[in-house]
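Engineer: just to be clear, the model below is a prediction. Sequence and coordinates:
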Amino acid sequence: MNFIFNFLDKLTKMGAYLSAFLIVALVLLILTEIFIRSFFDLSTMIADEYSGYLYLASIFLALGYTFSNDAHIRINIITSRLSKKANNIFDIVAAIITLVVLSFALYRTILFTYDSYSLEMLSENVSETPLYLTQLAMPFGIIIFMLAVVLFIFKGFSNDS
């Protein structure tokens, strides 16, 4: 079981590292656009478009790591008044509900990405980027997030005993 826990932990960290890399790429793209516009009165023509793509991918790929590090916003008005065991049960139930919601989100993002692929949709900007390439981070990020939630549930059950 430790092998699975370690693998899922490494997977969420990989998503976080990739997310951080994409944020750095986003900053470099924007700085390049600013530099080229300021000194050469030119434009990359893709900075706005690709900034959005990089930002979207960075958010989705970091979701699992954020969850596994308990960094998502939590409102603990109810849970602060519960015993440790009741709080653990509450967390497990909430995680199971989260998995249901994420399953629906995964299904929809897969359909969304597949539709973009099958219809050969391109961005309407100068780059004419195939949209499915920019949307792939959504299902991958949700899968990583779901695996982090499953890991949380297993850890919750092991803490319960």
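Structural biologist: Thanks, I have the structure now.
Engineer: how about stretch 7-15, which residues are buried there?
Structural biologist: Within stretch 7-15, the residues that count as buried by 16 or more other CB atoms under 10 Å are 8-9, 11-12, 15. Every C-beta, even on glycine, is put in place using the N, C-alpha and C of the backbone.
Engineer: now stretch 132-142: mean pLDDT?
Structural biologist: In this model, stretch 132-142 has an average pLDDT of 97.
Engineer: what's next to it, contact-wise?
Structural biologist: With contacts defined as CB atoms under 8 Å, 6 or more residues apart in numbering, stretch 132-142 is touched by 15, 53, 56-57, 59-64, 102, 105-106, 109-110, 112-114, 116-117, 121, 123.
Engineer: got it, and stretch 56-69?
Structural biologist: Residues contacting stretch 56-69 (CB under 8 Å, 6+ apart): 9, 11-13, 15-16, 18-20, 22-23, 26, 72, 134, 137-138, 140-142, 144-149, 151-152.
Engineer: mark which of those residues are buried, thanks.
Structural biologist: Buried among the contacts of stretch 56-69 by 16+ other CB under 10 Å: 9, 11-12, 15-16, 18-19, 22-23, 26, 134, 137-138, 140-142, 144-149, 151-152.
Engineer: what about these, which are in strands?
Structural biologist: Residues of the buried ones among the contacts of stretch 56-69 located in strands (DSSP state E): none.
Engineer: what packs against the longest helix seen in the chain?
Structural biologist: In the chain, assigned by DSSP state H, the helix with the most residues is helix 2-40. Using 3 or more CB pairs under 8 Å, 6 or more residues apart in numbering; DSSP states H and E, the elements in contact with helix 2-40 are helix 47-68, helix 137-160.
Engineer: just give the nearest non-adjacent residue to residue 147, would you?
Structural biologist: residue 8 (5.2 Å; CB to CB, 6 or more residues apart in numbering).
Engineer: now swap in residue 103 and tell me
Structural biologist: The shortest distance from residue 103 to any non-neighbouring residue, by CB to CB, 6+ apart, is to residue 146 (7.3 Å).
Engineer: quick one, what contacts that neighbour?
Structural biologist: 64, 99, 102-103, 106.
Engineer: which of those residues sits closest to residue 79?
Structural biologist: The closest of the contacts of residue 146 to residue 79 turns out to be residue 99 (CB to CB; 18.6 Å).
Engineer: which element is the closest one on?
Structural biologist: When elements are assigned from DSSP states H and E, residue 99 belongs to helix 84-118.
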